[in-house]
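Student: Output the structure for:
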Amino acid sequence: MVQIKEITKLTTGLADRLLNVWESSVKATHLFLSREEIENIKRYVPQALRAVKHLLVAENEAGDPVAFAGIDGQKLEMLFVCAENRGRGIGRRLLQYAVENYAVNELAVNEQNPQAAGFYEHMGFKVYRRSYTDEQGNAYPLLYMKR
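Tutor: Got it, this is the predicted structure:
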């Protein structure tokens, strides 16, 4: 059984373990990114983890992180589930927790990640806007979704 924890202080050790979750998730879902692009983005993940106002971590029975979500205001900033734990309801539980405890009602998702877009749609989010680039200006269209 997975337990969701709210992280108030992100240690270097936990940041490193969450970086591994992020990398596993991205390699399984962001097939539009090259290996070099993943390595480049990876350098900014620890900073992004520290920047979110609320960080939720799903841990397995051994206390190892298997997924995480970042929230700022009522916006889901990130949600990643390690590859070997995908399809087990962990992302759903994290998102439900975020909706119930932080009134999350908005997010952005890469259009080129149709599984994630479909997941959010299944969870009640609808596209209200599309951009041709991501927030860094790269040619990765984003779908902006609201509940």
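Student: what comes up buried for stretch 8-16?
Tutor: 14-15 (16 or more other Cβ atoms under 10 Å). In short, each C-beta sits where N, CA and C put it, glycine included.
Student: CA atoms of that stretch as CSV?
Tutor: The C-alpha trace of stretch 8-16 is given here as CSV (Å, rounded to 0.1, in the frame of the first residue of the first chain):
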residue,chain,number,x,y,z
THR,A,8,7.7,20.4,4.4
LYS,A,9,11.5,20.3,4.0
LEU,A,10,13.1,18.8,1.0
THR,A,11,16.4,17.2,1.9
THR,A,12,19.2,16.6,-0.7
GLY,A,13,18.7,12.8,-0.3
LEU,A,14,15.0,13.0,-1.0
ALA,A,15,15.5,15.4,-3.9
ASP,A,16,17.9,12.8,-5.4
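Student: Please report the distance of N138 from F80.
Tutor: N138 sits 18 Å away from F80, going by Cβ to Cβ, to the nearest Å.
Student: Quick check: buried residues in the longest helix anywhere in the chain?
Tutor: When the chain is parsed with DSSP state H, its longest helix is helix 12-29. Neighbour-count burial for helix 12-29, with 16+ other Cβ under 10 Å as criterion, is recorded at 14-15, 17-18, 21-26, 29.
Student: Stretch 30-49 too?
Tutor: For stretch 30-49, the neighbour count (16+ other Cβ under 10 Å) marks 30, 33, 41, 45-46, 49 as buried.
Student: which residue sits closest to the residue nearest the centre of the chain, ignoring its sequence neighbours?
Tutor: Centroid-nearest residue in the chain: L79, 1.6 Å away (criterion: Cα atoms, centre = their mean). Leaving aside its sequence neighbours, L79 sits nearest to A69 (Cβ to Cβ, 6 or more residues apart in numbering; 4.5 Å).
Student: which element is the one you found on?
Tutor: According to DSSP states H and E, A69 maps onto strand 65-72.
Student: Show the average pLDDT along that strand.
Tutor: The average pLDDT for strand 65-72 rounds to 98.
Student: host element of R129?
Tutor: In the assignment (DSSP H and E), R129 maps to strand 126-131.
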